[in-house]
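# Generate a structure from the sequence data that follows.
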Amino acid sequence: MSSKLVACKTCKKEVAKGAKVCPHCGEKNPTVSTKDIIGGVLIVLVFIWIVSAIISEEATYENSKNKTLKEATQLSLGSLKKITSSYVKEKQIPSSYNDMFYNCLGQLIYDKDKTFTIEKMMDWCHQDYTSSNGKLKDYYNTAELFKDFSAYDGTYRPLELLIKNSMQDSSSYEHIDTSYRLVYYGTERPYMFVETKYKGKNSFGAIVKAVVTAKVDAKTKDIFEVK
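Okay, here's the model as predicted:
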């Protein structure tokens with residue numbers, strides 16, 4: 001058998017290496033065996049495990065405290081939880097405060113200067129914890145809200161879904177711009193205003209531009225007052 005020819009896994013006749021279809025029996029990918037597939041899957045799983053291990057290793061306060069808030073916005077919610085829980089453990093704070101410190105960091109990440117570090121934010125959270133009993137309960141996790149914004153085009157996904165569901169032809173939807181404004185203080189119910197500009201077909205089939213605004217509960221993420 002030529003070095004450029006191998007046996008088809010089904011009919012065992014000679015086929016060219018890399019052939020997409022066996023010319024004798026019609027078998028697709030005739031030179032790719034089950035062993036090869038399993039080997040490829042194992043390689044992928046090992047790669048995922050290595051990446052997960054690296055991420056898990058970085059998701060501690062000690063390894064993340066020097067990250068800027070700009071870098072912190074790219075972290076997963078799971079990583080932020082690990083950072084705050086390891087901080088609480090390091091400072092020998094009761095674990096019942098894990099969620100409060102998580103909410104504190106989750107808000108400050110988006111409220112403060114993006115050049116500040118996670119360490120500085122956690123210090124501020126700790127100052128509130130030590131100086132004002134229960135003040136940490138006043139924080140609302142903005143990070144939870146912002147994970148619903150698309151990193152690709154800035155769309156607020158829950159509002160986009162509502163818009164598409166209200167359209168005659170949702171496939172014609174085209175996002176133009178999305179902006180937001182947070183209101184935390186001076187209200188018992190902190191919320192976020194979201195405005196989305198888009199274009200799409202109306203009931204007559206014409207492409208038109210439109211604007212939709214919505215009020216989002218900062219704590220529950222429920223959408224209300226859609227206009």
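
# what comes up buried for stretch 136-147?
Applying a neighbour-count criterion of 16 or more other CB atoms under 10 Å, one finds 136, 139, 140, 141, 142, 143, 144, 145, 146 buried in stretch 136-147. C-beta here means a position set from N, CA and C on the backbone, and glycine is covered the same way.

# Next, find the distance separating the third one from residue 216.
Same thing as residue 140. 11 Å (CB to CB, to the nearest Å).

# Kindly report the same for the first one.
For residue 136, the distance to residue 216 equals 23 Å [CB to CB].

# Then the second one?
From residue 139 over to residue 216 the distance is 17 Å, taken as CB to CB.

# For residue 198, see how far away the residue nearest to residue 170 when sequence neighbours are not counted is.
Counting by CB to CB, 6 or more residues apart in numbering, residue 170 lies nearest to residue 164, which is 4.0 Å off, once chain neighbours are set aside. According to CB to CB, residue 164 and residue 198 sit 9 Å apart.

# which neighbours do those two share?
Taking CB atoms under 8 Å, 6 or more residues apart in numbering as the criterion, residue 164 and residue 198 both touch residue 173.

# In terms of neighbours, single out the busier of those two.
For residue 164 versus residue 198, neighbours defined as other CB atoms under 10 Å are more numerous around residue 198 (22 against 15).

# hang on, the earlier thing: need the overlap of contacts for residue 140 and residue 216.
By CB under 8 Å, 6+ apart, no residue touches both residue 140 and residue 216.

# confidence score at the spatially most central residue of the chain?
Nearest to the geometric centre of the chain sits residue 147, at 5.2 Å (CA atoms, centre = their mean). Per-residue confidence (pLDDT) for residue 147: 86.

# That one touches residue 79, doesn't it?
No: look at residue 147 against residue 79 with CB atoms under 8 Å: they stay out of range, at 11.7 Å.

# In terms of residue numbering, what are the domains of the protein?
Domain assignment for the chain by automatic domain parsing gives 5-54, 60-143, 157-224.

# Point out the most buried one among those.
Highest mean neighbour count among these (mean count of other CB atoms under 10 Å): domain 60-143, with a mean of 17.

# Check the offset of that one from the chain's centre.
Centre-to-centre, domain 60-143 and its host chain are 18 Å apart (CA atoms, centre = their mean, to the nearest Å).

# all strands of the protein, in order?
Assigned by DSSP state E, the chain shows strands spanning 5-7, 14-16, 174-183, 191-201, 207-217, 223-224.

# Enumerate every residue touching the closest residue to residue 141 other than its chain neighbours.
Distances taken as CB to CB, 6+ apart place residue 106 nearest to residue 141, at 3.5 Å, with adjacent residues excluded. Counting by CB under 8 Å, 6+ apart, residue 106 touches 80, 139, 141, 142, 143, 144.

# Please tell me I have it right and the fifth one contacts residue 79.
No: counting by CB under 8 Å, residue 143 stays clear of residue 79, with 10.3 Å between them.

# need the contact list for residue 159.
Applying CB under 8 Å, 6+ apart, the residues near residue 159 are 178, 194, 196, 212, 214, 216, 223, 226.

# okay, those residues in TSV with distance to residue 44 and pLDDT next?
Formatted as TSV, those follow (distance: CB to CB, whole Å; pLDDT from 0 to 100):
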residue	distance to residue 44	pLDDT
178	35	96
194	38	95
196	37	97
212	41	96
214	40	95
216	38	92
223	38	91
226	42	91
